[in-house]
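Peer 1: okay, predicted coordinates and the sequence, questions at the end:
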Amino acid sequence: MKKEKRNKKLKILIGIFSVILIICCVLLFIEIFSKASPIKGKYSKEVITVLDNNNLLDKANKLDYSPTLEIMIKDDYFNKKHFDDYYLVDYHEYEGFSKHVSQLLEKEYEPEKINYLMSNQTKELINKIITLDKFEIDYLKIKDFDLDKLARYKEFNSYVLSFEEIVKAVNHDIDIKKDEVPYDSANFYINIKPAIDPHSDITLVNKAYVLDKSFVPNDLVNFESKSISKRVVEPLKEMFEYAKEAGYHLCTISSYRSYNTQTSLFYGYIKRDGRAHAERYSAKPGHSEHQLGLATDLCTTNGKRITVDSPVYPWLENNAHKFGFIIRFPKGKTGITGYNFEPWHVRYIGKEHATKVKELDITYDEYYEIFLKER
Ligand SMILES: [Zn+2]
């Protein structure tokens, strides 16, 4: 009786143990099975069939679930050659996503670029991009980039300007040849503002930007018996040397001028030629770049100011930028600069900017407003 009872207990125990063992085995089997084929639980039957037909089922099994892959197959945009790309393109939920992905991949946009587009641009813009030949999506990161002007940006050939600068230039219509702006005195000496950072090489001083009466450059030195900013001396010497090698003589006639000197000059000219005439070649006190110490009037062999007929002038026009100088008041730009053409007056702004001003063929007044003011 006692033995029978013990056997019964043992049987129950074995029974319970067996049930637990079976449950464990089933769980283990499910676990192993699901690891071996995650795809069955994640992708639809239709997707699995397409993957299988393309011999991609094993590959897909080894990879994580991709909602992009799924939608590409479901929407019938699947292309075997882009299988790996689908895994790299982030899924975005919007009508037409799969079509966009397909079109962009066909145009050979890298998945990383597609991701940038999808997360930062509107659907309308993507529609527009798709109609164009592949172009650098990085362009879209440029401030004020305008897709409608892409052809003009591309046509703007430049070895000097960055693409970002080309965008700025084209946005300001610098690529379009414009008619000469007629000079009108009413356009000048209005909205006068103080010159920004007057000790810098790039300070703009013109009929709109004025220097304080007390402003004196803090690095004036003597060069050819005239005061000039120390920053200009080496570039000037270098330019004079190169000119000499090319067979030309260059010298300086007038460099730094104080506010007071400019005052007596300007009012002297008014007395002599009348205000309307004088204002086209002489600056009101505070409005002369000579006060910056960065401008100089150049002379040549005869000791007189360079004229457009001086043999050195074409050389100067083609080479000044290499030393950081620009012809500050060019021919045909009186309506913009407010001054007659002055072949003798050069302004130092440094090689980089001088080269760009030359390349763009614009005045420093324009260049400053477009490229430097917002820095
Ligand atoms: Zn001058």
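Peer 2: Great, that's in hand.
Peer 1: look up how far residue 295 lies from residue 325.
Peer 2: Per Cβ to Cβ, to the nearest Å, residue 325 is found 9 Å from residue 295. (C-beta placed from N, C-alpha, C; glycine too.)
Peer 1: more neighbours, the two?
Peer 2: Per other Cβ atoms under 10 Å, whichever of residue 325 and residue 295 has more neighbours is residue 325, with 28 against 25.
Peer 1: rewinding a little: what do residue 325 and residue 295 both touch?
Peer 2: 346, 347, 348 (Cβ atoms under 8 Å, 6 or more residues apart in numbering).
Peer 1: which one of those residues is nearest residue 369?
Peer 2: Of all these, residue 347 has the smallest distance to residue 369: 15.8 Å, by Cβ to Cβ.
Peer 1: what about the closest one, which SS state?
Peer 2: With DSSP: H, G, I helix; E, B strand; the rest coil as the basis, residue 347 sits in strand.
Peer 1: how deep is it tucked in, by neighbour count?
Peer 2: 24.
Peer 1: now do the contacts for it.
Peer 2: Neighbours of residue 347 in contact, by Cβ under 8 Å, 6+ apart: 289, 294, 295, 325, 326, 328, 364.
Peer 1: OK, contacts around the first one?
Peer 2: The reference is to residue 289. 205, 206, 283, 295, 328, 347 are the contacts of residue 289 under Cβ under 8 Å, 6+ apart.
Peer 1: try the second one
Peer 2: Residues counted as contacts of residue 294 (Cβ under 8 Å, 6+ apart) are 201, 203, 217, 229, 231, 232, 347, 348, 349.
Peer 1: which ones are touching the second one?
Peer 2: Applying Cβ under 8 Å, 6+ apart to residue 203 gives the contacts 195, 196, 197, 209, 292, 294.
Peer 1: verify the stated contact: the fifth one with residue 229.
Peer 2: Read it as residue 292. Yes - between residue 292 and residue 229 a contact is recorded at 7.2 Å, counting by Cβ atoms under 8 Å.
Peer 1: any idea how far the residue of the chain at minimum distance from the ion lies from residue 308?
Peer 2: Here the chain gets closest to the ion at one residue, residue 345, 3.6 Å apart by Cβ to the ion. Going from residue 345 to residue 308 by Cβ to Cβ gives 12 Å.
Peer 1: and the two? which has more neighbours close in?
Peer 2: Neighbour count, other Cβ under 10 Å: between residue 345 and residue 308, residue 345 has more, with 23 against 12.
Peer 1: next up, the contacts around that one.
Peer 2: Taking Cβ under 8 Å, 6+ apart as the contact definition, residue 345 lies against 295, 296, 297, 298, 327, 328, 329.
Peer 1: out of the residues you listed, list just those in strands.
Peer 2: 295, 296, 297, 298, 327 (DSSP state E).
Peer 1: thought the first one was touching residue 348?
Peer 2: Read it as residue 295. Yes - using Cβ under 8 Å, residue 295 is in contact with residue 348, at 7.3 Å.
Peer 1: could you list the contact residues of this protein toward the ion?
Peer 2: 297, 345 (Cβ under 5 Å from the ion).
Peer 1: just the buried ones from the contacts of residue 203?
Peer 2: With burial judged by 16 or more other Cβ atoms under 10 Å, the buried subset of those is 195, 209, 292, 294.
Peer 1: how close does the last one get to residue 206?
Peer 2: Here residue 294 is placed at a distance of 13 Å from residue 206 (Cβ to Cβ).
Peer 1: and if you look at the third one?
Peer 2: Between residue 292 and residue 206 the distance, using Cβ to Cβ, works out to 11 Å.
Peer 1: show me where the stretch 201-350 of the chain has strands.
Peer 2: 209-210, 220-223, 226-229, 251-254, 295-299, 325-327, 345-348 (DSSP state E, counting those that start in this stretch).
Peer 1: partner strands of the fourth one, with direction?
Peer 2: Strands flanking strand 251-254 in the sheet, each with its direction: strand 295-299 (antiparallel) (DSSP bridges).
Peer 1: what sits against residue 276?
Peer 2: The contact partners of residue 276, by Cβ under 8 Å, 6+ apart, come to residue 185.
Peer 1: could I get the contacting residues of the spatially most central residue of the chain?
Peer 2: Geometric centre of the chain, nearest residue: residue 164, 2.3 Å, by Cα atoms, centre = their mean. Taking Cβ under 8 Å, 6+ apart, we find residue 164 in contact with 142, 143.
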